[in-house]
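>>> Just to be clear, the model below is a prediction. Sequence and coordinates:
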Amino acid sequence: MTTTLATTSTGPPSLAVPPASRVAAHSRLALGLILTAAFMVVLDFSIVNVALASIERELGFAPASLQWVVTGYAVTFGGLLVLGGRAADLYGRRRIFLAGLLVFTVASLAGGLAAGPALLVAARLVQGAGAAMVAPAALSLVATTFPEGPARNRALGAYGAVSSLGFVAGQVLGGILVQFTSWRAVFLPQRPPRRQGLPSGSGPWQPVPPNSHAQALRRRLQAQFHQRDP
């Protein structure tokens, strides 16, 4: 009698939980997109250094102001990092992440098409602001997408490894682009990844932690029906 009552239509509606394989596939996709964005943000610290001589020669930078091409990005990135994290808490991690990617990409395009020193420095300042939105939101998305335990530890380890790799890869990639194309190419490769893999507030594939409120509520309701069964 207990089993029949728990499975009849009069019982509490079951809360759909995505299959484990589907959750894992989308979690890996989301992690790949987040790591790509994190790599782009860190890459921009070092990729421009190799192109400074070409930028100075073509745009007519004064030696005293040339360093602003590098430090302008670092100043706005470091100065607005805490504000970007707070905005992610208030307005949503995914929303701030995507908005930051948009700002970052538009500023990268403006920097690659800059016709003078002022426009390039302004583009770098805006680019740093976009990176300050992306970085804390990306790290928060990693922490909330994966449940606490080995999966989250692996994801955070991959995030740290990719960030470290970006510093080294910037020097190598910048040298290749400047050697075979132009200094403008160091800005143009950066574009946002596809947004479909990012975790949102709803969706049938969103990862569900094993101790979520929804599953706990379902277990409590089912236990109450079992207790009422004579």
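That came through fine.
>>> give me the low-pLDDT residue ranges for this protein?
Scanning the chain with the threshold set as pLDDT under 70 gives 1-24, 189-230.
>>> ok now do the residue nearest the centre of the chain, which residues does it touch?
Relative to the mean C-alpha position of the chain, the nearest C-alpha, by CA atoms, centre = their mean, is the one of Ala138, at 3.3 Å. Ala138 makes contact with Ile34, Ala37, Ala38, Val41, Phe97, Tyr159, according to CB atoms under 8 Å, 6 or more residues apart in numbering. C-beta coordinates here come from the backbone N, C-alpha and C atoms, glycine included.
>>> Mind doing that once more with 7 Å?
The contact partners of Ala138, taken as CB atoms under 7 Å, 6 or more residues apart in numbering, are Ile34, Ala37, Ala38, Phe97.
>>> Same question for Phe97.
Val134, Ala137, Ala138, Leu141, Leu198.
>>> follow-up on the earlier one: for the residue nearest to the centre of the chain, what is the enclosing helix or strand?
Of the helices and strands defined by DSSP states H and E, Ala138 is found in helix 117-145.
>>> roughly how far is that helix from the heart of the chain?
10 Å (CA atoms, centre = their mean, to the nearest Å).
>>> List the buried residues of it.
By 16 or more other CB atoms under 10 Å, the buried positions in helix 117-145 come out as 117, 120-142, 145.
>>> in what helix or strand does Thr52 lie?
In this structure residue 52 is Leu, not Thr. In this structure, Leu52 sits in helix 52-59 according to DSSP H and E.
>>> by how many degrees do that helix and helix 117-145 diverge?
Relative orientation of helix 52-59 and helix 117-145, computed by axes from the mean of the first three to the mean of the last three CA atoms, to 10 degrees: 140 degrees.
>>> contacting residues around helix 52-59?
In contact with helix 52-59 (CB under 7 Å, 6+ apart) are residues Phe61, Leu66, Val69, Gly116, Pro117, Leu120, Val178, Trp183.
>>> Could you point out the helix or strand that follows it?
Next in sequence after helix 52-59, counting helices and strands by DSSP H and E, comes helix 63-66.
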